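Q: Sharing a model prediction with you, sequence too.
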There are 2 protein chains.
Amino acid sequence: MLPDPFSHLSATACRTIDMQKGDVLFRQSQTTSGLYRVVSGCVTLQRTGLGGDTLTLHRAMSGGFFAEASVFSATYHCDAVCTEAGSVTKIAKANVVATMHSNPAFSEGFTKLLAVQVQQYRAHIELLAIPSAKERILAAVQAGYFDTTVIELATRINLTHEACYRALRGLCDEGLMVRVDRGKYVLS
Amino acid sequence: MLPDPFSHLSATACRTIDMQKGDVLFRQSQTTSGLYRVVSGCVTLQRTGLGGDTLTLHRAMSGGFFAEASVFSATYHCDAVCTEAGSVTKIAKANVVATMHSNPAFSEGFTKLLAVQVQQYRAHIELLAIPSAKERILAAVQAGYFDTTVIELATRINLTHEACYRALRGLCDEGLMVRVDRGKYVLS
DNA sequence: GGAAGCATATGATCCAAATCATAAGTGATC
DNA sequence: GATCACTTATGATTTGGATCATATGCTTCC
């Protein structure tokens, strides 16, 4: 596992924020104020297209971070929306920068966090390049993408939910996957 | 522009490597030895799928870096192939880690480099989510993706080159783009 | 308990992009 | 200057996923 670089931050640098489902922690183009860590619940980073369609860029669960890159950016590049009630700790931008200068261990940990994200994104782009819906879903399931609903899986891998249901059905028919329950499929 | 974090590295930490088109600097699953900066020419990071199809994950031009994330990884996650003759400087992994500990300015610069990549990848994923070929191409051209061949543009944005040519033609017919020359299109 | 909202699921139809095919233009190499 | 390799370009056909439609199961909430 990743070492926690934020154990080096003083408690005063952090602020805990409770959130309800649907709460918006920040919006695109707002001035950045810091980065976040999920204590409990779930937060998604999403962007809204011109047609009102939302695109999920990242999903942070308990222990996960989000808006790390915001530390070097003047404005947020997407919306952060709570999708599951819980709480987050917010680490002020200034504190991150200051600690990065004074504490090499924190600095390395934070950098590593970003490096891991880079690799995750690369893997995701590779996944999106798989042309066949069935193969793409298979790869996504193997990568652990399918942890909530079929609809969410579908949007994450650029498919309609209908196509996703059908492909899952097809994979079950081919014996590559098994339908365990309503909306619950696993690799066989 | 980005400040160059590598100006903080001693000259002895770097090694210059000349390369010809087609040269492989490293391959997927090889043990990581360091990160690279392109002095001249062009290098692409690519992965080869099961069917022998190649997927370009990143392209580094003069002044650009690649394999930054490798510093925290035991093995490379893709192949680095020279697509345009030139040279690169290789910075040994150990040097990067050591300098990160001793030099906060370097550390911050390096971290920023990764943060920028994270945002670039996010933007790319967003681009790939555009369903219409024409709109996707338009967004890609606006983002400066179309700097070499149509074929390369097509593969970068998950289209066949045929679909890409046709969409470009369509965009020209609609007056949104202009065909300047063979294989050369610009926004109008 | 009934209504509302959402996820699940599948059928029918349509269309855009993939696939297959062909050809011309361009640059490099012998 | 002939050949080879590659990009550009477009036509014909096919197909897989999008779209539209419908129905059911499961929560939640008044």
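A: Noted; the coordinates are in hand.
Q: check which helix or strand covers residue A:97.
A: helix A:93-102 (DSSP states H and E).
Q: Could you identify the helix or strand that succeeds that helix?
A: Criterion used, DSSP H and E; the element after helix A:93-102 is helix A:104-128.
Q: That next one - contacts with which helices or strands?
A: On a contact count with 3 or more CB pairs under 8 Å, 6 or more residues apart in numbering or on different chains; DSSP states H and E, helix A:104-128 meets helix A:93-102, helix A:133-142, strand B:54-60, helix B:93-102, helix B:104-128. C-beta here means a position set from N, CA and C on the backbone, and glycine is covered the same way.
Q: Reformat these as JSON lines; add mean pLDDT and distance to DNA strand D.
A: Listed next are those as JSON lines, based on pLDDT from 0 to 100; distance: least, CB to the nearest atom of the strand, whole Å:
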{"stretch": "helix A:93-102", "mean pLDDT": "85", "distance to DNA strand D": "35"}
{"stretch": "helix A:133-142", "mean pLDDT": "96", "distance to DNA strand D": "3"}
{"stretch": "strand B:54-60", "mean pLDDT": "83", "distance to DNA strand D": "12"}
{"stretch": "helix B:93-102", "mean pLDDT": "85", "distance to DNA strand D": "33"}
{"stretch": "helix B:104-128", "mean pLDDT": "89", "distance to DNA strand D": "12"}
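Q: can you list the ones you listed in JSON lines and add mean neighbour count and distance to residue B:153?
A: Shown next, in JSON lines, are the helices and strands packed on helix A:104-128 (neighbours: other CB atoms under 10 Å in any protein chain shown; distance: least, CB to CB, whole Å):
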{"stretch": "helix A:93-102", "mean neighbour count": "17", "distance to residue B:153": "36"}
{"stretch": "helix A:133-142", "mean neighbour count": "19", "distance to residue B:153": "22"}
{"stretch": "strand B:54-60", "mean neighbour count": "19", "distance to residue B:153": "11"}
{"stretch": "helix B:93-102", "mean neighbour count": "16", "distance to residue B:153": "33"}
{"stretch": "helix B:104-128", "mean neighbour count": "20", "distance to residue B:153": "12"}
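Q: got those as TSV, with distance to residue A:74 columns?
A: What follows is the helices and strands packed on helix A:104-128, written out as TSV (distance: least, CB to CB, whole Å):
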stretch	distance to residue A:74
helix A:93-102	10
helix A:133-142	34
strand B:54-60	25
helix B:93-102	25
helix B:104-128	12
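Q: Please identify the helix or strand for residue A:35.
A: Using DSSP H and E, residue A:35 maps to strand A:34-48.
Q: So what angle separates the directions of that strand and helix A:93-102?
A: 120 degrees (axes from the mean of the first three to the mean of the last three CA atoms, to 10 degrees).
Q: Could you show which parts of chain A are in contact with DNA strand C?
A: Proximity of chain A to DNA strand C is confined to A:131, A:149-151, A:161-162, A:165-166, A:168-169, A:179, A:182-183 under the rule CB under 7 Å from any atom of the strand.
Q: out of those residues, which are inside strands?
A: Using DSSP state E, the subset of the residues of chain A next to DNA strand C located in strands is residue A:179.
Q: which of the residues of chain A next to DNA strand C count as buried?
A: Buried by 16 or more other CB atoms under 10 Å in any protein chain shown: A:150, A:165, A:168, out of the residues of chain A next to DNA strand C.
Q: my read: the last one touches residue A:151, true?
A: No: in this structure, residue A:168 is not within contact of residue A:151 by CB atoms under 8 Å, at 12.0 Å.
Q: okay if I get the buried ones among the residues of chain A next to DNA strand C as CSV plus pLDDT and distance to residue B:143?
A: Below are these laid out as CSV (pLDDT from 0 to 100; distance: CB to CB, whole Å):
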residue, pLDDT, distance to residue B:143
A:150, 97, 31
A:165, 98, 33
A:168, 98, 33
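Q: Among the residues you listed, which ones are in helices?
A: Members of those lying in helices (criterion: DSSP state H): A:150, A:165, A:168.
Q: which one among these gets closest to residue B:145?
A: In terms of CB to CB, no member of these lies closer to residue B:145 than residue A:150, at 31.7 Å.
Q: can you list the domains in chain A?
A: Listed by automatic domain parsing, the domain ranges of chain A are A:5-127, A:131-187.
Q: ok, back up a step: any idea of the angle the helix holding residue A:97 forms with helix A:104-128?
A: Interaxial angle, helix A:93-102 versus helix A:104-128 (the same axes, to 10 degrees): 110 degrees.
Q: packing partners for helix A:93-102?
A: Partner elements for helix A:93-102 (3+ CB pairs under 8 Å, 6+ apart): strand A:34-48, helix A:104-128, helix B:104-128.
Q: how about JSON lines for the ones you listed, with distance to residue A:72 added?
A: What follows is the helices and strands packed on helix A:93-102, written out as JSON lines (distance: least, CB to CB, whole Å):
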{"stretch": "strand A:34-48", "distance to residue A:72": "10"}
{"stretch": "helix A:104-128", "distance to residue A:72": "10"}
{"stretch": "helix B:104-128", "distance to residue A:72": "4"}
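Q: Out of those, flag the one nearest residue B:69.
A: Comparing the helices and strands packed on helix A:93-102 by CB to CB, helix A:104-128 comes nearest, at 4.1 Å.
Q: Kindly state the pLDDT recorded for residue A:77?
A: On pLDDT, residue A:77 comes in at 88.
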